[in-house]
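**Q** can't give you the sequence, but here's the structure:
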């Protein structure tokens, strides 16, 4: 059996390769999934993505299956419990930001009908298909991620810098940054 070419960043780790093959770069329009990635990207800031992937199921359990409606109502007791949960990243600022971001996420839903409608307008409603030969050529930020980050920050979101938002855009398929030789490039 011939091995399919994959983006270089995922090679060598079964979890990373499965994430690359099944999720990364696939356009996401579902608000619940978009919020899940928003949480994970928030916690990833300053860390490696594989660290977050390895803790993803712990995050899912700790944050009520990424239910933004529940997260928006977290009280101090729940936050204190999260700060004691060794299965997640116990960063106080990121935990508080997740609660605030959940509340603001719902405000955007009210304004636009869905968070998906809001976020996808930053790429005119369709994925940007880049032509990257080597994953190391991918930008860390773009004018679109700058604009998204600026707008989210203006609305009060935390841990949504342009680099974090570009990673979110890659993960949720707003941009296709699979290497052009990767089997997923044409699939997504």
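**A** Happy to help now that I have it. The model shown is predicted, which means the values in this text are computed figures rather than measured ones. Residues are numbered from 1 along each chain as shown.
**Q** give me the pLDDT for the most centrally placed residue in the chain.
**A** Nearest residue to the geometric centre of the chain (CA atoms, centre = their mean): residue 37, 3.2 Å. Note on residue 37: pLDDT of 97.
**Q** helix, strand, or coil at it?
**A** At residue 37 the chain is in helix, as set by DSSP: H, G, I helix; E, B strand; the rest coil.
**Q** quick check: it vs residue 24, distance?
**A** 10 Å (CB to CB, to the nearest Å). The way it works is simple: take the backbone N, C-alpha and C, and place the C-beta from them, glycine included.
**Q** hey, what's in contact with both of these two?
**A** residue 171 (CB atoms under 8 Å, 6 or more residues apart in numbering).
**Q** next, the contact list for the residue nearest to the centre of the chain, please.
**A** 28, 168, 171-172.
**Q** swap the cut-off to 6 Å and go again
**A** Counting by CB atoms under 6 Å, 6 or more residues apart in numbering, residue 37 makes contact with 168, 171-172.
**Q** roughly how far does it sit from residue 68?
**A** Residue 37 is 12 Å from residue 68, by CB to CB.
**Q** and if you look at residue 178?
**A** For residue 178 relative to residue 68 (CB to CB), the value is 28 Å.
**Q** ditto for residue 47
**A** Distance from residue 47 to residue 68, by CB to CB: 22 Å.
**Q** ok, the two, which is more surrounded?
**A** Counted by other CB atoms under 10 Å, residue 47 and residue 68 do not tie: residue 68 has more neighbours, with 25 against 12.
**Q** doesn't residue 101 make contact with that one?
**A** No - at 8.3 Å, residue 68 and residue 101 do not qualify as touching, with contact defined as CB atoms under 6 Å.
**Q** so how far is the helix of greatest length in the chain from its chain's centroid?
**A** The helix that spans the most residues within the chain, counting by DSSP state H, is helix 92-112. On the basis of CA atoms, centre = their mean, to the nearest Å, helix 92-112 sits 14 Å off its chain's mean C-alpha point.
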